[in-house]
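**Q** Pasted the sequence and its predicted model underneath.
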Amino acid sequence: MEVLRQARGQLAELTGMEAESVSSFEQTEEGWALEVEVLELERVPDTMSLMATYQVELDPDGQLTGYRRVRRYERGRADARGGR
């Protein structure tokens with residue numbers, strides 16, 4: 001759990017956006033790989049807010065080594081890609 005908290009904090013520090021949730025988390029040979037859901041643009045109603053999924057990579061100690069946005073979507077939209 002500490003690794004997740006560190007990752008969310010480091011991503012927020014770099015992007016200026018707060019992570020809402022971690023949707024994927026796995027240990028890799030290089031450390032950790034996560035997918036983090038972030039609120040990019042708040043709108044009214046909330047279902048129209050713009051969200052993004054960031055792929056985050058951490059070393060074995062939980063230090064962020066890289067991140068990239070892999071998709072953007074409206075909060076209220078079902079995912080057409082199936083499974084993501």
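**A** Okay, I see it.
**Q** Double-check that residue 4 belongs to a helix.
**A** Yes: under DSSP: H, G, I helix; E, B strand; the rest coil, residue 4 falls within a helix.
**Q** Who is the spatially most central residue of the chain paired with across the strands?
**A** Residue closest to the mean C-alpha point of the chain, counted by C-alpha atoms, centre = their mean, is residue 36 at 1.6 Å. Counting by DSSP bridges, residue 36 is bridged to residue 22, residue 54.
**Q** from memory it sits against residue 21, does it?
**A** Yes: applying C-beta atoms under 8 Å as the test, residue 36 and residue 21 come out as touching, 7.4 Å apart. (C-beta placed from N, C-alpha, C; glycine too.)
**Q** Residue ranges in the chain under the pLDDT threshold?
**A** 78, 80-84 (pLDDT under 70).
**Q** what about 50?
**A** 84 (pLDDT under 50).
**Q** Do you have the strands of it handy? List them.
**A** 19-27, 32-41, 50-58, 64-74 (DSSP state E).
**Q** Make JSON lines from those strands and add distance to residue 1 to it.
**A** Output for the strands of the chain, formatted as JSON lines (distance: least, C-beta to C-beta, whole Å):
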{"stretch": "strand 19-27", "distance to residue 1": "10"}
{"stretch": "strand 32-41", "distance to residue 1": "12"}
{"stretch": "strand 50-58", "distance to residue 1": "14"}
{"stretch": "strand 64-74", "distance to residue 1": "16"}
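**Q** Could you work out which of those strands reaches nearest to residue 10?
**A** In terms of C-beta to C-beta, the element of the strands of the chain nearest to residue 10 is strand 64-74, at 4.2 Å.
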